[in-house]
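Trainee: next input, structure requested:
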Amino acid sequence: MGAEPNITGVTRGGTSWIPQFVTELDETKCIGCGRCYKVCPRDVLTIVQRAIDDVDLDDDDDDDDDDSDNSFMTLSNAMDCIGCEACSRVCPKACFTHSALPLAA
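Mentor: So this is what the prediction gives:
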């Protein structure tokens, strides 16, 4: 027996491609910039405010380009992901993990 075939999509031009569905989001690396939220066509993500204990209030180092330090994204509806990987392409911190899915039996 060989490997199960993956879910495959087809572009308008007829080219086939294998969708890579979001499987994980590393919330510890997320800076809460919201770029992924803005590009996701399926409302897979939600922005969450960090607890005050999670934010380092003594950090006066503003040399980084973080857009936010008091929020992060979370996967709220991962089952609605269409596998476009737009979130990964815009994420400045490489927070997302994706994988192909086999066809349902």
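
Trainee: for Gly9, list the residues it contacts.
Mentor: For Gly9, the contacting residues are Ser16, Trp17, Ile18, Pro19, Gly83, by Cβ atoms under 8 Å, 6 or more residues apart in numbering. Glycine gets a C-beta too; all of them are placed from N, C-alpha and C.

Trainee: Cys30 - how many residues pack around it?
Mentor: 24 (other Cβ atoms under 10 Å).

Trainee: might you report the residue contacts of it?
Mentor: With Cβ under 8 Å, 6+ apart, Cys30 has these contacts: Phe72, Met73, Lys93, Cys95.

Trainee: dump those residues into TSV; add distance to Cys87, neighbour count and pLDDT as well.
Mentor: Compiled in TSV, the contacts of Cys30 are given as follows (distance: Cβ to Cβ, whole Å; neighbours: other Cβ atoms under 10 Å; pLDDT from 0 to 100):
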residue	distance to Cys87	neighbour count	pLDDT
Phe72	13	22	95
Met73	8	26	96
Lys93	11	13	98
Cys95	8	19	98
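
Trainee: so which of these is the closest to Pro102?
Mentor: Using Cβ to Cβ, Cys95 is the member of those that lies nearest Pro102, at 24.9 Å.

Trainee: ok, that closest one touching Val22?
Mentor: No - using Cβ atoms under 8 Å, Cys95 makes no contact with Val22, being 10.0 Å away.

Trainee: low-confidence ranges, this structure, go.
Mentor: 1-2, 53-69, 105 (pLDDT under 70).

Trainee: Lys29 - that's part of a helix, no?
Mentor: No - Lys29: not assigned to a helix; according to DSSP: H, G, I helix; E, B strand; the rest coil it is coil.

Trainee: hmm, it is touching Pro92, no?
Mentor: No - between Lys29 and Pro92 there is no contact, the gap being 9.9 Å when judged by Cβ under 8 Å.
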